[in-house]
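S.K.: the following comprises the amino acid sequence and a computationally predicted model.
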Amino acid sequence: MKLKTLLKGSVVLAASLFVAGVVSATTFKVAIGDAAGGTQHELGKAFAASLNKKTDGNVKVDLFPNSQLGDEQDTVNDAAMGLLDFSILAINNVTPFSPSVAVLTLPYVIQSAEEAKQLTLGEVGKELTENTIRDAGVRIVGWSYSGFRVLTNSKRPVKTLADLKGLVIRVPRNELMIATYNSWGLNPSPLAWTETFTALQQQVADGQDNPYITISAMKFEEVQKYVTNIRYLFSLEPLVVSESIFQQQTPELQQAILDAGMEATEHSYAYLAETENRIKDELVAAGMEISDPADDEKEWIEAATAKVWPAFYDAIGGKERLDKILASLGR
Ligand code: MLT
């Protein structure tokens with residue numbers, strides 16, 4: 001064999017040994033709250049492919065959609081205790097463990113997908129990542145941009161707050177969302193995500209809110225008829241890793257996880273833009289009726305911002321923090 005070929009071969013061998021040495025064969029588990037086909041699953045698939053590629057196939061990522069590994073809020077506890085590697089869940093199910101995250105779920109703060117991206121990938125996102133590590137024992141390594149949560153119900157078209165009266169609306173166990181419905185004159189029913197479909201099917205609850213892509217992934221069109229395009233909450237669904245498990249990894253694998261999380265985040269942003277309108281059309285074809293709130297949602301916005309924002313200033317780190325965020329968005 002020629003010397004050049006021999007040398008080339010040994011460089012390749014050394015490189016692969018190096019990779020195998022720092023990133024030994026590992027399989028991570030990722031809990032996913034929603035059913036396959038939603039934005040959470042899409043983020044998970046992109047993350048799994050990217051991490052596998054970055055580690056030359058040494059790291060495998062197994063996805064468990066449809067809350068197979070537990071309800072979303074339970075997966076935060078499990079990851080914090082090092083019993084679960086990763087979870088992808090709605091941000092409103094992280095807030096109970098890390099209250100400052102509520103700044104991204106205050107009603108009507110985020111008004112577009114662009115603003116959601118700007119905040120999550122900027123200073124605010126960095127700060128929230130530090131806070132969730134401190135408060136909840138999990139690190140945010142990626143974001144799914146899932147679109148605005150729209151209101152669905154099985155009883156009637158809803159355009160005004162008066163139309164909403166008397167409906168039983170399911171919400172996650174999230175104080176901020178409960179307070180928002182209170183500001184609209186309703187006492188919503190907090191219920192775990194895993195119990196939501198059955199509650200709607202058995203008409204224990206008349207309605208709920210979630211983004212279009214989630215509604216479709218969860219087949220809510222089978223048990224809900226009317227949709228109202230409220231835009232109070234832009235749904236962000238972070239990919240979190242157990243901080244204790246993250247700290248057990250080599251620096252190289254930690255970096256690969258962070259990079260794969262960012263690639264998956266970019267994928268999620270593009271996926272929303274490509275998919276949301278098509279899903280909306282499919283839901284209409286399946287029989288759903290979509291309405292816009294009357295008067296550009298004015299009464300909804302005024303009630304929620306006047307009553308809910310001040311009640312959560314302490315939780316988010318003071319009014320100044322919100323003012324700073326609004327200013328960074330040009331408001
Ligand atoms: C919820 O309503 O609990 C969440 O939005 C569920 C989800 O989409 O993960």
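M.R.: Nice, thanks for sending it over.

S.K.: got the end-to-end distance for stretch 231-245?
M.R.: 36 Å (Cα to Cα, to the nearest Å).

S.K.: for that stretch, buried residues please.
M.R.: Residues of stretch 231-245 classed as buried: 231-243, 245 (neighbour count, 16 or more other Cβ atoms under 10 Å). Where you see a C-beta, it was placed from the backbone N, CA and C, and this is true even at glycine.

S.K.: kindly report the same for stretch 99-115.
M.R.: In stretch 99-115, counting by 16+ other Cβ under 10 Å, buried: 99-110, 113, 115.

S.K.: nearest to E127, of the residues you listed?
M.R.: Lowest distance from E127 to the buried residues of stretch 99-115 (Cβ to Cβ) belongs to S100, with 7.7 Å.

S.K.: tell me the pLDDT of the closest residue to the closest one other than its chain neighbours.
M.R.: Here the nearest residue to S100 in space, its sequence neighbours aside, is N131; by Cβ to Cβ, 6 or more residues apart in numbering that works out to 4.8 Å. If you check N131, the pLDDT there is 95.

S.K.: check which helix or strand N131 maps to.
M.R.: Element membership of N131, judged by DSSP states H and E, is helix 123-136.

S.K.: packing partners for that helix?
M.R.: strand 138-148, helix 319-328 (3 or more Cβ pairs under 8 Å, 6 or more residues apart in numbering; DSSP states H and E).

S.K.: sorry, back to before: let's see which of the buried residues of stretch 231-245 end up in strands.
M.R.: Of the buried residues of stretch 231-245, the ones assigned to strands by DSSP state E are 234-242.

S.K.: and those residues, which two are furthest apart?
M.R.: Pairwise over those, using Cβ to Cβ, the maximum falls at F234 and S242, 26.2 Å.

S.K.: for stretch 156-174, give the mean pLDDT please.
M.R.: For stretch 156-174, the mean confidence score works out to 97.

S.K.: that stretch close to the ligand?
M.R.: Yes: judged by Cβ under 6 Å from any ligand atom, stretch 156-174 and the ligand are in contact via P172.

S.K.: for that stretch, buried residues please.
M.R.: 158-159, 161, 163-164, 167-174.

S.K.: for the stretch 51-200 of the chain, which segments count as helices?
M.R.: Along the stretch 51-200 of the chain, counting by DSSP state H, counting those that start in this stretch, helices occupy 72-80, 113-121, 123-136, 161-164, 175-183, 196-201.
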